[in-house]
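Visitor: please work out how this folds:
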Amino acid sequence: MNISIKELNDDMFIITAKMVTELMNYHRKLNNAPKKYWHTLEEGKKALNEWLSKGSAYNILLDGEVVGFLYVRYGGQDVAWLEDLYIAEEYRGKGIGRYAMNKLDKIMEERGIVSMFVDVIPRNTSAMEFYTECGFDHLNLIQLRKNYDKKLNKQDEVEILGFNLKKY
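Guide: I've put the predicted structure just below:
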């Protein structure tokens, strides 16, 4: 199993845009969003172009085949945000994401990045587990949400810093 990551190039743009679309729609599915909010391939292409204007996208390859991507956005003070990590469903659970994260860590260190942040939806416990195993161990920011549409309310609760909150 030969895993590598490579900065996105024109040859891989469309396949990556398709994966961006799949990722965006996966998020919509997690949130039970109506189909009218799901992304099209055209929206995936537009999002990918916007991302490239603000950061870097890396394809994750398995034996030369694109099986995922990483998108990193850069900020001031030599910090970066891992905005998205996507592995095609049929390749998940094989250590490909962990390998890609290790490669990304080396790239970030070479670029002089001092810290990297990642946002995770609290309901996505598998992502929480993955990122903590990859060394994300500092709680940086808590984002609170208020629903006006009561259909969006969740029942699962979590205690954080003495506050009982609903897990979204």
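
Visitor: use CA for all of it now, contacts and neighbours both
Guide: Fine.

Visitor: work out for me the element the residue nearest the centre of the chain sits within.
Guide: Against the mean C-alpha coordinate of the chain, by CA atoms, centre = their mean, the closest residue is Asp84 at 2.1 Å. Per DSSP states H and E, Asp84 falls inside strand 79-87.

Visitor: after that strand comes which helix or strand?
Guide: Following strand 79-87 in sequence, per DSSP H and E, is helix 96-110.

Visitor: same for that next one, what does it pack against?
Guide: strand 3-7, strand 79-87 (3 or more CA pairs under 8 Å, 6 or more residues apart in numbering; DSSP states H and E).

Visitor: I'd say Glu157 and Phe163 touch.
Guide: No - using CA atoms under 8 Å, Glu157 makes no contact with Phe163, being 9.9 Å away.

Visitor: tell me which of the two has more neighbours.
Guide: Using other CA atoms under 10 Å, the more surrounded residue of Glu157 and Phe163 is Glu157, with 13 against 9.

Visitor: quick check: pLDDT value at the nearest residue to the more buried one once chain neighbours are set aside.
Guide: Leaving aside its sequence neighbours, Glu157 sits nearest to Lys166 (CA to CA, 6 or more residues apart in numbering; 4.3 Å). Lys166 is assigned 88 on the pLDDT scale.
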